[in-house]
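Student: Attaching a predicted model along with its sequence, questions to come.
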Amino acid sequence: MLVLGLSSIEEDVYRHLLRNPGIDVEDIHVLLRHEAEPTRRSVRRLRELKIIQDVDGVTRACEPELVVARLAEQRLEELYDDIRSLTHLRPLLDSLGREIPEPDSGEDRRSVERITGLEAIRTRLDELAFFAREEVLAAEPYDALTPENIENSRPLDMRCLRRGVSCRSLIRRAALEDGPTRAYLTELTAAGARIRVLDELNELMLVYDHHTALVPLDPANTAKGALCSQEEGIVTTVVNNFERLWAGADDLTSLLEQRGEETGGSGLTETQGKVLRLMCTVGKDEIGAREAGVALRTYRRHISDLMQLLGAENRAHAALLARERGWV
């Protein structure tokens with residue numbers, strides 16, 4: 001019962017009282033072969049938690065179902081408090097930053113960070129995505145995403161969206177011609193991202209919480225590296241440029257609907273919606289694939305994508321999450 005917040009001695013006392021209701025707890029340490037004082041402290045705490053109670057002068061253990069439910073609720077509240085604390089780290093970061101000595105007047109304090117190497121860039125993006133709390137802006141001039149790109153981007157994007165971070169992205173219209181890229185963009189839209197499309201997009205830019213901006217070191221060759229800055233003037237210029245492009249772009253969902261790839265309120269395509277409904281109602285994949293009008297392998301790939309989109313551990317969990325979202 002350690003996961004519920006009880007020590008091993010407290011658990012031993014409780015289990016012993018379950019087996020032996022009404023036993024005198026004064027000398028229970030002898031029966032359990034524990035030291036006297038730690039055992040007495042455990043008995044006092046169990047009484048405070050109302051796990052054991054004295055009724056008519058007799059100490060009895062409360063019903064396990066009630067005890068486990070009460071302890072689980074208390075433990076969850078503690079965990080929620082910890083999570084809430086972990087989502088507000090800015091005061092801690094500011095406090096730690098004040099511990100760093102100010103540079104000498106003659107020291108060059110660089111306001112722009114130069115990042116080179118793919119791994120270094122990915123590490124920095126992971127850090128920025130992890131600490132993002134309000135909004136992420138992205139303009140990405142690609143014509144297609146490789147499977148590796150999608151694999152690396154998905155956990156960062158989904159982590160932000162699950163936390164309620166607003167994510168807005170600009171992409172090239174040409175990217176919609178690539179199947180895996182289009183499927184991933186649809187997945188992001190279903191998860192809450194807002195994506196717009198431009199015929200021409202040549203500028204790569206990322207902005208986190210209107211606080212940190214990343215642009216390529218060489219716009220003509222993004223592989224050379226990136227520049228990362230928190231300078232207000234630089235960040236504001238990048239944000240204004242993004243907003244200018246955003247205002248003139250087309251909504252991705254509307255474009256997909258015009259192309260005949262209907263999406264419902266969930267952001268799923270018609271095929272994805274059909275596969276999801278069949279997954280929840282049909283027992284065998286072979287029957288589901290036949291009713292969906294797709295190959296068995298394609299049907300199973302859709303299910304795998306849907307489970308990943310929902311963050312489900314298995315199909316039953318996916319069905320439950322889909323019903324909670326009103327997708328089925």
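Tutor: Looks like it arrived, so ask away. Residues are numbered from 1 along each chain as shown.

Student: Following the chain onward from the longest helix seen in the chain, which element is next?
Tutor: Among all segments of the chain classified by DSSP state H, the helix with the greatest residue count is helix 64-86. Secondary structure here is assigned by DSSP states H and E; on that basis, the next helix or strand after helix 64-86 toward the C-terminus is helix 90-97.

Student: neighbours around residue 174, how many?
Tutor: By other CB atoms under 10 Å, the residues close to residue 174 number 16. All C-beta atoms are positioned from the backbone trio N, CA, C, and that covers glycine.

Student: cool, and residue 129?
Tutor: Here the number of neighbours of residue 129 (other CB under 10 Å) works out to 21.

Student: excluding its backbone neighbours, what's nearest it?
Tutor: Distances taken as CB to CB, 6 or more residues apart in numbering place residue 156 nearest to residue 129, at 4.2 Å, with adjacent residues excluded.

Student: Could you list which residues are in contact with that neighbour?
Tutor: Contacts for residue 156 were tallied using CB atoms under 8 Å, 6 or more residues apart in numbering; they are 125-126, 129.

Student: which SS state does it fall under?
Tutor: The three-state label given to residue 156 by DSSP: H, G, I helix; E, B strand; the rest coil is helix.

Student: how far away is it from residue 304?
Tutor: Relative to residue 304, residue 156 is positioned 20 Å away (criterion: CB to CB, to the nearest Å).

Student: Using CSV, write out every CA atom in the lowest-mean-pLDDT helix or strand in the chain.
Tutor: Averaged element by element with mean pLDDT, DSSP states H and E, the chain has its least confident helix or strand at helix 90-97 (a mean of 70). The C-alpha atoms that make up helix 90-97 are tabulated as CSV, following Å, rounded to 0.1, in the frame of the first residue of the first chain:
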residue,chain,number,x,y,z
ARG,A,90,8.8,30.5,-14.3
PRO,A,91,9.2,31.9,-10.7
LEU,A,92,11.7,29.1,-10.0
LEU,A,93,13.6,29.7,-13.2
ASP,A,94,13.7,33.5,-12.5
SER,A,95,14.9,32.8,-8.9
LEU,A,96,17.7,30.5,-10.1
GLY,A,97,18.7,33.0,-12.8
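
Student: Looks to me like residue 151 is in a helix.
Tutor: Yes. Assigned with three-state DSSP, residue 151 falls within a helix.

Student: What is the helix or strand hosting residue 227 packed up against?
Tutor: Element membership of residue 227 [criterion: DSSP H and E] is strand 226-229. Applying 3 or more CB pairs under 8 Å, 6 or more residues apart in numbering; DSSP states H and E, one finds that strand 226-229 makes contact with strand 112-115, helix 118-131, strand 212-216.

Student: Let me see the residues that make contact with it.
Tutor: Counting by CB under 8 Å, 6+ apart, 111-115, 121, 124, 212-217, 235 sit against strand 226-229.

Student: can you pull the buried residues of it?
Tutor: Buried positions in strand 226-229, judged by neighbour count with 16 or more other CB atoms under 10 Å: 226, 228-229.

Student: same thing with stretch 186-196?
Tutor: Buried residues in stretch 186-196, counting neighbours by 16+ other CB under 10 Å, are found at 186-191, 193, 195-196.

Student: Tabulate those (a markdown table), appending distance to residue 75, pLDDT and secondary structure.
Tutor: Formatted as a markdown table, the buried residues of stretch 186-196 follow (distance: CB to CB, whole Å; pLDDT from 0 to 100; DSSP: H, G, I helix; E, B strand; the rest coil):
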| residue | distance to residue 75 | pLDDT | secondary structure |
| --- | --- | --- | --- |
| 186 | 38 | 84 | helix |
| 187 | 34 | 83 | helix |
| 188 | 34 | 87 | helix |
| 189 | 36 | 87 | helix |
| 190 | 33 | 81 | helix |
| 191 | 29 | 82 | coil |
| 193 | 33 | 90 | coil |
| 195 | 39 | 93 | strand |
| 196 | 44 | 94 | strand |
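
Student: Could you list the low-pLDDT ranges of the stretch 51-200 of the chain?
Tutor: Per-residue confidence of the stretch 51-200 of the chain (counting by pLDDT under 70) places the weak regions at 83-90, 93, 102-110.

Student: Please give me every residue in contact with the closest residue to residue 210 other than its chain neighbours.
Tutor: If the residues on either side of it in the chain are set aside, residue 210 comes closest to residue 239, at 6.0 Å by CB to CB, 6+ apart. The neighbourhood of residue 239, defined by CB under 8 Å, 6+ apart, consists of 137, 207, 210, 213.

Student: Residue 14 too?
Tutor: Residue 14 makes contact with 1, 6, 46, 51-52, 61, 67 under the criterion CB under 8 Å, 6+ apart.

Student: After the strand holding residue 227, heading C-terminal, what element do we hit next?
Tutor: Per DSSP H and E, strand 226-229 leads on to helix 232-247 as the next helix or strand towards the C-terminus.

Student: Partner strands of the very next helix or strand once past that next one and their direction?
Tutor: Past helix 232-247, further along toward the C-terminus, the next helix or strand under DSSP H and E is strand 250-251. Sheet pairing of strand 250-251 (DSSP bridges) gives strand 194-198 (antiparallel).
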